[in-house]
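> Below is the sequence, then the predicted model.
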Amino acid sequence: MTELPALDPAFVDRPTLAELAPGRVSTHAPRFLLLYGSLRERSYSRLLIEEADRLLRSFGGETRIFDPRGLPQPDDAPDDHPKVKELRDLSAWSEGHVWCSPERHGAITGIFKSQIDWLPLESGGVRPTQGRTLAVCQVNAGSQSFNAVNSLRILGRWMRMITVPNQSSVAKAYDAFDAAGRMKPSPYYDRLVDVMEELYKFTLLTRDRADYLVDRYSERKSEGRAPAGAASLAAIAQARAPDPG
């Protein structure tokens, strides 16, 4: 390891395909939590989330939509507030998330951000959202934009989630839904189907491997913990060393 003098081989994993094989294979339906960012009576972010919910259930998933009405502002209520507890319990139950915010003043809404701010990055030594999958969406009052989905991707990274590559941004949302609140056939609807398919596939692929996928060298080193894989680089090097006898 002389070519990597700053590296401590005792804490370095050597990833292999064998290590990616899950120790168990879940048989229950994938579980998804869906969040939206507007309290309006005709909320287009909620309508888009409801379409996403229908799609995920049609694929065989189990879903929950969190209603943000009554959720207090962050730091303005104790952690045992009923709406805070509901949100955190749903996040802990989930294996994947769908987030949708309107774009307001070029950013996500405070209503949406408050929901994420109530989800702790760490609680009791457990990272509640780490390793969960995430799909991001936004609705626009005017022309198509990507400011909100870009912000949501940043939040997903900070929450240590696996954000799928595809995303949904619906322009002129007032024209995208009919009077009953159902999304009209359009390329925007087709893209939403694409995103939900991708989320579902990524969730099936990663949910039984998430602990291994997010196991980090820096955290193992600080905790003095061996790699989750079969062997560290140090152990592999020792096994390969010639017998001195």
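Yep, it's here.

> lowest-pLDDT helix or strand in this protein?
helix 233-240 (a mean of 53; mean pLDDT, DSSP states H and E).

> pLDDT at the residue nearest the centre of the chain, what is it?
In the chain, the residue lying closest to the centroid (CA atoms, centre = their mean) is Leu134, at 3.0 Å. pLDDT recorded at Leu134 is 98.

> same check, this time on Gly245
Note for Gly245: predicted pLDDT of 51.

> cool, and Glu223?
89.

> give me the number of residues near it?
Look at Glu223: counted by other CB atoms under 10 Å, it has 9 neighbours. The C-beta positions use only the backbone N, C-alpha and C, and glycine is treated the same way.

> Distance of it relative to Arg160?
16 Å (CB to CB, to the nearest Å).

> how near is Pro74 to Asn147?
Separation of Pro74 from Asn147 (CB to CB): 22 Å.

> So which of these two has more stuff around it?
Neighbour count, other CB under 10 Å: between Pro74 and Asn147, Asn147 has more, with 17 against 14.

> OK, contacts around the more buried one?
103, 106-107, 138 (CB atoms under 8 Å, 6 or more residues apart in numbering).

> Ile108: what's its closest spatial neighbour, skipping adjacent residues?
In space, and not counting its chain neighbours, Ile108 is closest to Ser101: 4.0 Å by CB to CB, 6 or more residues apart in numbering.

> Which parts of the chain are strands?
With DSSP state E applied, the chain shows strands at 31-36, 62-65, 96-102, 133-139, 162-163, 168-170, listed in chain order.

> Serialize those strands to a markdown table and add fields for distance to Leu47.
Shown next, in a markdown table, are these (distance: least, CB to CB, whole Å):
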| stretch | distance to Leu47 |
| --- | --- |
| strand 31-36 | 9 |
| strand 62-65 | 11 |
| strand 96-102 | 9 |
| strand 133-139 | 8 |
| strand 162-163 | 22 |
| strand 168-170 | 10 |
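
> Compare these and give me the one nearest Pro5.
Of all those, the one in closest proximity to Pro5, counting by CB to CB, is strand 162-163 (32.4 Å).

> what lines up beside the closest one in the sheet?
If you go by DSSP bridges, strand 162-163 pairs up with strand 133-139 (parallel).

> Do I have it right that the residue nearest to Ile108 meets Arg46?
No - counting by CB atoms under 8 Å, Ser101 stays clear of Arg46, with 10.9 Å between them.

> of those two, who's got more company?
Taking other CB under 10 Å, Ser101 and Arg46 do not tie; Ser101 has more neighbours (29 against 24).

> Show me the shaky parts of the chain.
1, 124-126, 228-245 (pLDDT under 70).

> Which helix in this structure has the most residues?
Longest helix of the chain, by residue count under DSSP state H: helix 187-206.

> Which strands or helices does that helix pack on?
In terms of contacts (3 or more CB pairs under 8 Å, 6 or more residues apart in numbering; DSSP states H and E), helix 187-206 is packed against helix 44-59, strand 96-102, strand 133-139, strand 168-170.

> And for Gly142, the neighbour number?
10.

> That one against Tyr174, yeah?
No - look at Gly142 against Tyr174 with CB under 8 Å: they stay out of range, at 9.8 Å.

> follow-up on the earlier one: quick check: buried residues in the longest helix of the chain?
Along helix 187-206, these residues count as buried under the neighbour rule (16 or more other CB atoms under 10 Å): 188-189, 191-192, 195-200, 202-204, 206.

> what's the closest of these to Ser26?
Nearest to Ser26 among the buried residues of helix 187-206, with distances taken as CB to CB, is Leu204, at 8.7 Å.

> OK, contacts around the residue nearest to the closest one when sequence neighbours are not counted?
Excluding the flanking residues, the one nearest Leu204 by CB to CB, 6+ apart is Pro30, at 6.3 Å. Shown in contact with Pro30 (CB under 8 Å, 6+ apart): 56, 60-62, 95-96, 200, 203-204, 207.
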